[in-house]
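[1] sequence plus predicted model, see below.
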Amino acid sequence: MRGELIRVLSDDLEVVEAEGPKLDDRDLRTLYEAMALSRALDDRCRTLHRDGKIGFYVSSAGMEATSVGAAYCLSAEDWVFPSHRDAGMFLMRGGSAQAWLDQLYGNSDDLLSGRQLPNHHSLPSGRFVSISGTLGAQIAQATGCGVAMKARGDRSAVLVSFGEAAKAQGGFHTGLNFAGVFAAPVIFLCQNRRFATGPERPPERDKSLAARAVAYGFGGVRVDGTDILAVIKVVSEARERAVEGGGPTLIEAELPAAGDSTDPVARLRRYLELCGLWDAAWEEELSGRGRELLDAVVARAGATPQPAPDSMIFDVYAELPWMLREEQETLMQGCEPGDGHA
Amino acid sequence: MPELSIVEAVNFALREEMRRDERVVVLGEDVGALGGVFRATDGLLEEFGEDRVLDTPLAEGGIIGSAVGMALYGLRPVPEIQFVDFVFPGFDQIVSEVAKYRYRSGGQYPCPMVIRTPYGGGIRGGHYHSQSNEAYFTHTPGLVVVIPSTPYDTVGLLRSAMRSEDPVVFMEPKRIYRTVRGEVPEEDFSVPIGVARRAREGGDVSVFAYGAMLHECGRAAELAAERGIEVDLIDLRTLLPLDIDAVLESVAKTGKAVIVQEAPKFCGYGAEIAALLAETALLHLEAPVVRVAGFDTPFPYALESTYLPDAARVLTAIEQVVNF
C-alpha cells in the first residue's frame, strides 16, 4: 500500500543499494561534520529556549540527514524554499551559526532586523528564501520560482521543504498541480516526522504521500530520511530530472517518529566507523570545535542590543510613505534617532 | 493621439511595458489563448509567447503564489484575478506573503508584482462578480492600492505600478471598462502613485471618489452646478498611500466633504478619510462629513441599482452638507 522505501544503508549499515551516490571519504566526513554541527546547534538552541533566553524555538533534531543531504545535492544557483526546521539546510547554504543565533535573539545584527519569530530565517546569499508562518505557503511559490527559471532558460532547480502537516493545506495541492502543468523544475521534499497536527486516515486507508504525485503527472518516491546516502541518491536524481526538463518530483522522507530512537547522525557515525573514517579522537575534536563556536556566537548574540525602535517602520515599502514618516516621528519622541536598520 | 477605452488602456499599457521590460510576465485564468475574460490581455500570447503569458489552472492561491516565486526570482509578474470577488483563495498569499516579504526579511526579499483585478458593481453580476472590497487591501501594510477612473490614468498608473519596487493591487472599474473613453498619448508617460487628481474645480464642497464612482460624482457635480453649487471633485486614484495633502487642501478650501464609495459603509475606505479629516481638519470643517456608500449588506443581484450610489444620491449628500 505504501510503496517501496528507498534505502542505501540497511539497519545493519550494509550498503544494500548498489546505485548509491558516489561519495569519497572526504565527502562523507564533510557531511558528518555538517550534521554534527546542525545537531550541536539545535541542542544549544533548545537549551536557550528552555532557559528562557529565546522566546520560541522548533527543533530540527532527527532531520539532519534530510536537511543536510538535500542541500548537499544542490548547486549555488538553485533556490531553496525552506521550512522552519531546516537548520541543516541554512548552514549548508552558507548561513553562519552567528546569523542563525542573531535571528533567534532578534537582535540588531539580525539580517531580518528582528522582524520574525525565531526559526523564520532568510538568507538571499544562499538563495534560501524567507520563511512564512503559514504552513505550506511556500509550495506554490517554489513552483512559480521554478516556472520563472524554466521560462528564462536557466539550468537550475528549486527545492521546497515542508513538514507532513502541510499536505493537508490547499497550497500543497495547488503548488503540485501547477508544477505538474508547467513541468516546473521543482523538488518537493516532505520531511515526514509523523506528528502532523490533526487527525489522519488510518494507515490501511492511506497511501503514502509520495503516491499522490501520480495524480499530478510526475514521480513520487519514499526514502528513508535517516539514511543520508539514500536522501542524496533521490534528491540528486530529482535535481538531475528537473534540470534536464523532466519536471518535478515529490519526495517523502520518512523520519523517526516521536519516541523512535533512530538517529540519523548516529547512523552516519556508525557507518563511518565501519568504513574506518571515524574515531573518538576526531569526534572529540569536532565537538570541541562546535562547543567553542557556539559559546562564542551565543555570547555575542545575547550581548547584541535590540534593534532601534524606529527600525520597525522600515521595509514595509521601498520608501517611507507619509503615514510611516509621521509614525516614526511619534515613535522617536524622546528616543535617539536610528538609521532605520538598527 | 489614439482614443482608448479603459480596458484597451490596460491592454496597451501591458503590451508597451512587456516590449520595454522583458521581466514583465502575465499570468492567470484564460489570460493567454482567450485574451482574458474582458479581453484585457488580448493578443499578448501571440506577441510574447507562452513563457511570458501563462494560462494557469483555476486557483487564485496558485496564481498569486506562483507570482511570488517569479517576483523573488527577478521577474515582474502581473497576475490577473478574473474578478476581485474570486481573490479569496489567493488572499492569504497576498496578505500574508506578498505584503510581508520585504518586511519580514528585513528588506532582503522585495516582492514586486502588480495584481490586476476588475472590481465593482453595475454589470448585473450578482454577489460574486460585483464587490468593491478595496478596504481589505488598504488595511494591509506593504500593499499599494490603485484604482484608476480614466484611460489616461489607467495607462499611466499601470506603468508606474509595473515599475514600482512594491507590490500593487491594481483594481480596474469593470463597469466603465468600455463606456469611458479618452485620449492616451503614444509616448512613454506615467502617472505617479500616491498623487490624487482634481477632476473638477469648485469652492463649495469637496467630493472624494475613485474608480467608477468618480463618474457618478461628475454627473452629480453637473447637477449641483445647475443649482449654483460648485464641487471640488478629487479623484483619489491611489488609495494606499493616500494623497493626504490633496484631501486636506481641498477641505481647507471648501470646509465641506462628501466621500463616495461603492463598498459597504461600515469600516469602508471612506471611514479613513472621514477619520483623517476629524483628526487633522476639524477647524476647517463647517458641516459634518457625509459618506455615500453601498449598503451594509452583501452585494444584491436584483436590486443592484438600488444598492449602488448614483448621481442622485451623491447630489442629495452634496446638498445636505452645503445646506447644513
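    Perfect, thanks for sending it.

[2] whatever helix or strand residue A:149 lives in vs chain B: in contact?
    Secondary structure from DSSP states H and E places residue A:149 in helix A:137-152. Yes - applying CB under 8 Å from any CB of the partner chain, one finds helix A:137-152 in contact with chain B at A:137, A:139-152. C-beta: built from backbone N, CA, C; applies to glycine.

[3] closest to residue B:317 out of those?
    Comparing the residues of helix A:137-152 next to chain B against residue B:317 with CB to CB places residue A:137 closest, at 42.8 Å.

[4] what does the stretch 101-250 of chain B put close to chain A?
    When proximity is defined by CB under 8 Å from any CB, the stretch 101-250 of chain B lies next to chain A at B:101-110, B:141-142, B:144, B:164-166, B:194, B:241, B:244.

[5] ChimeraX command to pick out the buried ones of those residues?
    Buried subset of these, written as a ChimeraX selection, criterion 16 or more other CB atoms under 10 Å in any protein chain shown:
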select /B:101,102,103,104,105,106,107,108,109,110,142,144,164,166,194,241,244
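
[6] just the ones of the residues of the stretch 101-250 of chain B next to chain A in helices?
    Counted as lying in helices by DSSP state H, out of these, are B:101, B:102, B:103, B:104, B:244.

[7] dump these into a markdown table; add pLDDT as well.
    Below are these laid out as a markdown table (pLDDT from 0 to 100):
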| residue | pLDDT |
| --- | --- |
| B:101 | 98 |
| B:102 | 98 |
| B:103 | 98 |
| B:104 | 97 |
| B:244 | 98 |
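
[8] output those residues as a markdown table; include the columns distance to residue B:253.
    Shown next, in a markdown table, are those (distance: CB to CB, whole Å):
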| residue | distance to residue B:253 |
| --- | --- |
| B:101 | 41 |
| B:102 | 37 |
| B:103 | 37 |
| B:104 | 42 |
| B:244 | 15 |
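
[9] which one among these gets closest to residue A:60?
    residue B:104 (20.3 Å).

[10] kindly provide the distance from that closest one to residue A:113.
    Residue B:104 is 10 Å from residue A:113, where distance means CB to CB, to the nearest Å.

[11] also residue A:129?
    To residue A:113, residue A:129 is 17 Å away according to CB to CB.

[12] more neighbours, the two?
    Between residue A:129 and residue A:113, counted using other CB atoms under 10 Å in any protein chain shown, the more crowded position is residue A:129 (28 against 25).

[13] can I assume that one is in contact with residue A:137?
    No - here residue A:129 does not reach residue A:137: they are 10.8 Å apart, not a contact under CB atoms under 8 Å.

[14] give me the common contacts of those two.
    Between them, residue A:129 and residue A:137 share no contacting residue under CB atoms under 8 Å, 6 or more residues apart in numbering or on different chains.

[15] tell me who's in contact with the residue in the stretch 201-324 of chain B that chain A sits nearest to.
    Of all residues in the stretch 201-324 of chain B, residue B:241 sits closest to chain A, at 3.7 Å by CB to the nearest CB. Residue B:241 makes contact with A:317, A:321, A:322, A:323, B:144, B:193, B:194 under the criterion CB under 8 Å, 6+ apart.

[16] the residues you listed: which two are farthest apart?
    A:323 and B:193 (14.5 Å).

[17] higher neighbour count, the two?
    residue B:193 (22 against 16).

[18] and that one, what's its pLDDT?
    Note for residue B:193: predicted pLDDT of 98.

[19] does it touch residue B:162 like I think?
    No - look at residue B:193 against residue B:162 with CB under 8 Å: they stay out of range, at 11.0 Å.

[20] quick one: list the elements packing against the helix or strand sitting right after the helix holding residue A:149 along the chain.
    Next in sequence after helix A:137-152, counting helices and strands by DSSP H and E, comes strand A:158-163. Using 3 or more CB pairs under 8 Å, 6 or more residues apart in numbering or on different chains; DSSP states H and E, the elements in contact with strand A:158-163 are helix A:64-72, strand A:79-81, helix A:137-152, strand A:186-192, helix A:228-243.

[21] can you list contacts of the second one?
    The reference is to strand A:79-81. So strand A:79-81 is contacted by A:71, A:74, A:86, A:89, A:93, A:126-129, A:138-139, A:141-142, A:145, A:149, A:156-161, B:69, B:72-73 (CB under 8 Å, 6+ apart).

[22] could you check how far it is from the centre of its chain?
    9 Å (CA atoms, centre = their mean, to the nearest Å).

[23] could you do the last one as well?
    On the basis of CA atoms, centre = their mean, the separation between the geometric centre of helix A:228-243 and that of its chain is 16 Å.

[24] please enumerate the strands of the chain.
    Using chain A. A:5-6, A:79-81, A:158-163, A:186-192, A:219-224, A:249-254 (DSSP state E).

[25] please refer instead to chain B.
    Under the criterion DSSP E, chain B carries strands at the ranges B:3-5, B:24-28, B:53-55, B:76-80, B:114-119, B:144-146, B:168-173, B:181-183, B:197-200, B:205-209, B:231-235, B:238-240, B:257-264, B:290-294.

[26] would you mind writing the CA trace of the fourth one as CSV?
    Just to be clear, that refers to strand B:76-80. C-alpha atoms of strand B:76-80 as CSV (Å, rounded to 0.1, in the frame of the first residue of the first chain):
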residue,chain,number,x,y,z
ARG,B,76,7.9,41.4,-12.8
PRO,B,77,4.8,39.3,-12.7
VAL,B,78,1.4,40.8,-13.4
PRO,B,79,-1.1,38.2,-12.2
GLU,B,80,-4.8,38.7,-13.1
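
[27] show me which residues of that strand are buried.
    The neighbour-count check on strand B:76-80 (16+ other CB under 10 Å) flags B:76, B:77, B:78, B:79, B:80 as buried.
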